[in-house]
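S.K.: mind looking at a prediction? Sequence and model below.
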Amino acid sequence: MSTSFTSFTSAAVRAVLFDMDGTLIDSTAAIERVWTDLAVRRALPVPDVLAALPGRTAHDILAGFLADPAEVEAEAARLRSVQLSAVDGIEPLPGARELTASLPPERWAVVTAAPEGVARARLAAAGLPVPVVLIGEESVTRGKPDPEGYARAARALGAEPSECVVFEDAEVGLRAGRAAGARCVGLGPAVAASPNADAWLPDLRGITVTAVAAGGALELRLPVAGHPSGSPR
């Protein structure tokens with residue numbers, strides 16, 4: 001089944017794969033509070049720590065600042081515990097509630113750098129459903145930009161990555177989706193000029209999904225045409 005976008009506005013796909021933070025939910029304030037506290041406690045440069053966050057697992061982020069693997073493990077475990085309850089102010093991003101509600105439960109997944117328990121807590125805080133397939137930090141051996149997470153999610157839904165479309169707000173996530181073989185839609189200003197996005201949208205509003213046939217393809221339609229660079233891909 002082809003997943004080629006027609007003028008970057010529609011595609012027939014078997015499954016839809018989402019990043020979570022910055023794609024489905026606005027959790028920036030909650031995440032930055034937790035990481036700022038960690039950085040201050042460990043005397044790490046707060047701006048550098050916050051700049052390292054998008055799309056990456058806690059282990060990968062911490063390994064860039066802490067030399068001792070035992071300290072990385074200890075801080076990652078502490079962070080998981082803290083983040084389970086650090087959900088104040090988390091909201092769904094525009095279009096997320098409508099789009100996830102329109103998708104059959106067995107045809108979409110979340111692939112996130114967050115631990116699975118934290119992901120469930122954040123989705124619940126935002127009032128969004130938890131998908132049947134949720135690939136979190138502990139589900140993979142290598143985080144984004146490695147394609148492992150998106151490849152696992154696609155196959156758990158009975159699809160090949162080439163039969164899926166990925167929605168991502170971070171460059172490492174777009175690189176992961178493309179490396180897996182999926183079509184990628186970039187969301188938000190941080191990836192407006194990404195060479196790894198097949199299309200770009202400010203958010204998830206206006207996207208529609210229609211089931212072509214039971215158990216068959218989904219027709220995914222985007223509200224705008226084109227790639228942010230203005231050049232067809």
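M.R.: Looks like it arrived, so ask away.

S.K.: distance between the ends of stretch 97-115?
M.R.: 22 Å (Cα to Cα, to the nearest Å).

S.K.: give me the mean pLDDT for that stretch.
M.R.: Averaged over stretch 97-115, pLDDT sits at 95.

S.K.: in it, what's buried?
M.R.: 97, 99-100, 103, 107-115 (16 or more other Cβ atoms under 10 Å). Yep, even glycine has a C-beta here, placed from its N, CA and C like the rest.

S.K.: residue 188: which of those is nearest?
M.R.: Nearest to residue 188 among the buried residues of stretch 97-115: residue 99, at 15.1 Å, using Cβ to Cβ.

S.K.: just checking, which of the buried residues of stretch 97-115 belong to strands?
M.R.: 108, 109, 110, 111 (DSSP state E).

S.K.: okay, now residue 48: neighbour count?
M.R.: 11 (other Cβ atoms under 10 Å).

S.K.: identify each buried residue in the helix or strand containing it, please.
M.R.: Secondary structure from DSSP states H and E places residue 48 in helix 46-51. For helix 46-51, burial by neighbour count (16+ other Cβ under 10 Å) applies to 49, 50.

S.K.: next SSE downstream of it?
M.R.: helix 58-63.

S.K.: and the residue sitting nearest the centre point of the chain, backbone torsions?
M.R.: The chain has residue 19 as the residue nearest its centroid, 1.1 Å off, counting by Cα atoms, centre = their mean. With angles defined as degrees, to the nearest 10, residue 19 sits at phi -70, psi 170.

S.K.: go through the chain and flag its longest helix.
M.R.: Scanning the chain for the longest helix, with DSSP state H as the assignment, gives helix 69-85.

S.K.: what's in contact with that helix?
M.R.: 30-31, 34, 37-38, 42, 58-59, 62-63, 66, 114-115, 117-118, 121 (Cβ atoms under 8 Å, 6 or more residues apart in numbering).

S.K.: and residue 50, what does it touch?
M.R.: Counted by Cβ under 8 Å, 6+ apart, residue 50 has contacts 32, 35, 36, 39.

S.K.: out of the residues you listed, who has the most neighbours?
M.R.: residue 35 (22 neighbours).

S.K.: from residue 164, how far off is the residue of the chain most remote from its centre?
M.R.: If you look at how far each residue of the chain sits from its centre, by Cα atoms, centre = their mean, the farthest one is residue 43, at 29.4 Å. The gap separating residue 43 from residue 164 is 42 Å, by Cβ to Cβ, to the nearest Å.

S.K.: before we move on, what about residue 121?
M.R.: For residue 121, the distance to residue 164 - Cβ to Cβ - is 26 Å.

S.K.: of those two, who's got more company?
M.R.: residue 164 (30 against 19).

S.K.: which strand residues bridge that one?
M.R.: Bridge pairing for residue 164 (DSSP bridges) gives the partners residue 15.

S.K.: quick one: residues contacting it.
M.R.: Applying Cβ under 8 Å, 6+ apart, the residues contacting residue 164 are 3, 13, 14, 15, 16, 17, 150, 153, 154, 157, 182, 183.

S.K.: just the ones of the residues you listed in helices?
M.R.: 150, 153, 154.

S.K.: number of residues surrounding the nearest residue to residue 196 once chain neighbours are set aside?
M.R.: The shortest distance from residue 196 to any non-neighbouring residue, by Cβ to Cβ, 6 or more residues apart in numbering, is to residue 174 (3.9 Å). Residues near residue 174, counting by other Cβ under 10 Å, number 28.

S.K.: correct me if wrong: residue 174 contacts residue 191.
M.R.: Yes. Applying Cβ atoms under 8 Å as the test, residue 174 and residue 191 come out as touching, 6.0 Å apart.

S.K.: good, wrapping up.
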